[in-house]
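*Asks:* got a predicted model here, sequence first, then my questions.
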Amino acid sequence: MNKYADTRPNVLLFVTDQQRFDTLGCYGNPWVDTPNIDRFAAGGVLFRNAYCQSPVCTPSRASFLTGRYPSTTKCRSNGQSMPPQERLISRVLSDHGYYCSLVGKLHLAPCGPTACPIREARIDDGFIDFHWAHNPSGIGNAGLPESGGTYWSGNEYSQWLFKRGKKYQYPDFDKMGYVKTGMDEEDHFTKWCVDTVIDWIHYSAEEKRQMPEFNSPPWFYNVNIFDPHHAFDPPKRLLDKYMGGADRLPLPKYRPGELEMKTIFQKLDHASAYNNTATPHHFAYEEMNNEEHRMIKAAYYAMIELIDIQFGRLMAVLEETGEIENTIVIFTSDHGEMLGDHGIYLKGPYFYEGMSHVPLIMSWKGHFMEGARLDTLTELTDIVPTIEEFCLGRIEEGVQGRSLADVLTGDKEPDTHRDSVYSEYYEAMPWHTQPEAYGTMVFDGRYKLSRFHTSREGELYDLKNDPDEFENLWDHPEYKDVKIRMLELLADRMSDTVDPLPVPTDKW
């Protein structure tokens, strides 16, 4: 019998969107105020080296919600739908008596107005409560049709605003054109998400108090904040706060001329984010001045402080209701944001630290180590097996990640968990790149190698001596042996993505 078989804690999986790892005080950022997340990290386990399995939303989310690699789930790009046979962690937990809920985005199916005019298509995902809104704007105003518009009845954030006598206001561009003033804090998408979870926690705790004779089921809640995904549009109060000190913020990590030794995809996105031919000069780095670069960073940090404020409210309610002692709380993000580093904004086919390295903090009061900061190489695929080991006492067949349970409790040497992390980009945003981008990355804690299989290009970085990844060592003769070793490791890690589930013999 697994030693965790009878624990059955609640699970709160709190996921931000497009948040790079180095944007929290607990990860060493002195420019952004995140006291609540910092306090949360001080009471739990912070993983310094956690990496997503794709630098794009849908494949990453499909991966960390199943514990399987994007190429295994066959959900490899935005605009693809999750195959119905895949089992999300919510489905697995629901099958074992958990009450599963979601608020915010899911993004495991096409989410454009022509693809899903009512609501994102779902597989049998196990969510009983499904408070969905792919993004803050929805369609039209407050989900109501404008002239010739579509009624997006599934956008619950829009409905929340409408019930309060309000409607979504499209952000106003400021004079620079890159930063916007967004919805007020009280009306913000982030607050709606947290309000929804808080209501559930209060209800669940009160039900337990009033009916102690009933064995209330444990719960799993997947919270999906849209920020700090662009547009860069925080509430005015927070935007003004960070704009006031924007002139002191560091500029993006970029050396003029560095892209000469980088891939074609970076050169294209340097000229226009997403290589956007429909909107040329989109976040064109060379056309932006230092003030604009700092304004974008200020807005991004303001969005993260709002997340911190709302996360603090959520943690306070867990404390007040006593649920904190029986709840695993996980804070992470689906992928990062280039934020101007290497002359690129937003995201794309590259695996820089700002793109693939994400925050990952886990806490369970009285059960996990407190204040631990681990250098353990960790993948987001490891989230699902960790949850399953604590909640079910076993890991479901087909999961490819590795459980962190014994690492979190201090029963296993953290350095023995993994010797590398792996990520992939298989034409994950197929509308924006030519030539097609098929790339894979492996990182062993010092060297990071990326191979782009269609363009026959590669990158190799020594993060010990070049932590900002400026110098591509791919063709450097002194690193030939390192390159060969890392290519062998990449081949081995690619073989790990073969689906471990048996092939049905009745179809041969």
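*Replies:* Yep, that arrived.

*Asks:* which residues of the stretch 301-450 of the chain score low on pLDDT?
*Replies:* Low-confidence segments of the stretch 301-450 of the chain, defined by pLDDT under 70: 432-433.

*Asks:* 80 instead, please
*Replies:* Scanning the stretch 301-450 of the chain with the threshold set as pLDDT under 80 gives 430-435.

*Asks:* all helices of it, in order?
*Replies:* 353-356, 383-392, 405-409 (DSSP state H, counting those that start in this stretch).

*Asks:* so which of the ones you listed comes closest to Thr34?
*Replies:* Taking C-beta to C-beta, helix 353-356 is the member of those nearest to Thr34, at 17.4 Å. In this view, the C-beta of every residue, glycine as well, is placed from N, C-alpha and C.

*Asks:* return the distance of that closest one from the chain's centre.
*Replies:* The chain centre lies 11 Å from the centre of helix 353-356; the measure is C-alpha atoms, centre = their mean, to the nearest Å.

*Asks:* same question for stretch 347-356.
*Replies:* 12 Å.

*Asks:* re earlier: possible to save the helices of the stretch 301-450 of the chain as JSON lines with distance to Leu487 and mean neighbour count?
*Replies:* Shown next, in JSON lines, are the helices of the stretch 301-450 of the chain (distance: least, C-beta to C-beta, whole Å; neighbours: other C-beta atoms under 10 Å):
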{"stretch": "helix 353-356", "distance to Leu487": "18", "mean neighbour count": "26"}
{"stretch": "helix 383-392", "distance to Leu487": "28", "mean neighbour count": "24"}
{"stretch": "helix 405-409", "distance to Leu487": "29", "mean neighbour count": "21"}
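
*Asks:* now render those helices as JSON lines, adding distance to Gln18.
*Replies:* Shown next, in JSON lines, are these (distance: least, C-beta to C-beta, whole Å):
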{"stretch": "helix 353-356", "distance to Gln18": "10"}
{"stretch": "helix 383-392", "distance to Gln18": "18"}
{"stretch": "helix 405-409", "distance to Gln18": "26"}
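
*Asks:* nearest to Arg446, out of these?
*Replies:* So among those, helix 353-356 is nearest, using C-beta to C-beta, at 12.9 Å.

*Asks:* ok, back up a step: between the helices of the stretch 301-450 of the chain, which gets nearest to Pro234?
*Replies:* Pro234 sits nearest to helix 353-356 of all the helices of the stretch 301-450 of the chain, at 19.4 Å, using C-beta to C-beta.

*Asks:* can you tell me which residues contact the residue most central in space within the chain?
*Replies:* Nearest residue to the geometric centre of the chain (C-alpha atoms, centre = their mean): Asp334, 1.5 Å. By C-beta atoms under 8 Å, 6 or more residues apart in numbering, the contact set of Asp334 is 15-18, 52, 57, 60-61, 64, 358.

*Asks:* do the same with Arg237
*Replies:* Shown in contact with Arg237 (C-beta under 8 Å, 6+ apart): Glu185.

*Asks:* in what helix or strand does it lie?
*Replies:* Here Arg237, judged by DSSP states H and E, is contained in helix 236-243.

*Asks:* can you list the buried residues in that helix?
*Replies:* Under the neighbour-count criterion of 16 or more other C-beta atoms under 10 Å, helix 236-243 has 238-239, 241-243 buried.

*Asks:* which residues in the stretch 251-400 of the chain form strands?
*Replies:* 327-333, 357-358, 360-363, 372-379 (DSSP state E, counting those that start in this stretch).

*Asks:* name the residues of the longest one that are buried.
*Replies:* It refers to strand 372-379. Neighbour-count burial for strand 372-379 flags 372, 374, 376-379 (criterion: 16+ other C-beta under 10 Å).

*Asks:* what's the closest of the residues you listed to Asp129?
*Replies:* Asp129 lies nearest to Glu379 out of the buried residues of strand 372-379, by C-beta to C-beta, at 28.5 Å.

*Asks:* quick check: Pro409 vs Met315, distance?
*Replies:* Small correction: residue 409 is Thr, not Pro. Here Thr409 is placed at a distance of 21 Å from Met315 (C-beta to C-beta, to the nearest Å).

*Asks:* let me fix that: Lys262
*Replies:* For Lys262, the distance to Met315 (C-beta to C-beta) stands at 41 Å.

*Asks:* re the thing from before, quick one: closest of the helices of the stretch 301-450 of the chain to Asp129.
*Replies:* Nearest to Asp129, of all the helices of the stretch 301-450 of the chain, is helix 383-392, at 18.1 Å by C-beta to C-beta.
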